[in-house]
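Peer 1: I would like the atomic coordinates for the input below:
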Amino acid sequence: MTVNVEVDGLVKKIKSLGIKTYPVQIYLISKMVNSFSEFRMALNSEGRLGYWDVSNPSYAVLNKATETFSNIYTPFEPDFRQFYKACTKDMETYGGSEGLFPQSNPPENLFTISSVPWLTFTAFNLNVFGEGTYLPPIFTLGRYLEQAGKKHMPISIQVHHAVCDGYHVGKFVEALQDMALNYNHWL
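Peer 2: The predicted structure is shown next:
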């Protein structure tokens, strides 16, 4: 499912503070994932179904010199300032990497975020192979678009129907929108 989340006030605030957008977006999504157990469900290395107490974002970063991407992760921290500091440090440390997974020993409790800030889209689909065993959600962000004079962030949310339903995605999007509109409570 792809939805457009209003982020007009949040974008203006981010610019006024001089902070980076992508870590803020990663925090928003991570906060919501960790608010809903349906988005933290997975099979562990032993093949047992359950949900993680905490899920950490694994996200794509661009190496501008080689025009290739690496997937890195930052442990989720509920406090925005602490997460932002750790996330931007990880981006600086591993952003120039030429390997797909530059961090060693990634934890099992990861979910995926990627961004396509060069394009606005109305739909996005990934085909994940793994015999139906990949259960964590996958999020893809697009370039902001204007709707009714306000900036909106396109976000594609892909979930495995065995663990998450449209009802849960609806609750997730509603909470995400609320958090984006009420940025003064956490930013």
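
Peer 1: ok, now which ones touch the residue positioned nearest the centre of the chain?
Peer 2: Geometric centre of the chain, nearest residue: Ile113, 3.9 Å, by C-alpha atoms, centre = their mean. Listed by C-beta atoms under 8 Å, 6 or more residues apart in numbering, the contact set of Ile113 reads 25-26, 29, 57-60, 138-141. All C-beta spots, glycine's among them, are computed from the backbone N, C-alpha and C.

Peer 1: hmm, try it at 6 Å
Peer 2: Residues in contact with Ile113, defined by C-beta atoms under 6 Å, 6 or more residues apart in numbering, are 26, 29, 57, 59, 139.

Peer 1: kindly export the helix or strand harbouring the first one (C-alpha atoms) in CSV.
Peer 2: Ile26 is located in helix 21-33, with elements delineated by DSSP states H and E. These are the backbone C-alpha positions of helix 21-33, laid out as CSV (Å, rounded to 0.1, in the frame of the first residue of the first chain):
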residue,chain,number,x,y,z
THR,A,21,15.6,14.7,6.8
TYR,A,22,16.4,11.0,6.2
PRO,A,23,17.3,10.2,9.9
VAL,A,24,14.0,12.0,11.0
GLN,A,25,12.1,9.8,8.5
ILE,A,26,13.8,6.7,9.8
TYR,A,27,13.0,7.7,13.4
LEU,A,28,9.3,8.3,12.6
ILE,A,29,8.9,4.9,10.9
SER,A,30,10.9,3.1,13.6
LYS,A,31,8.9,4.7,16.4
MET,A,32,5.7,3.5,14.8
VAL,A,33,7.1,0.0,14.1
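
Peer 1: before I go, just wanted to say thanks for your time.
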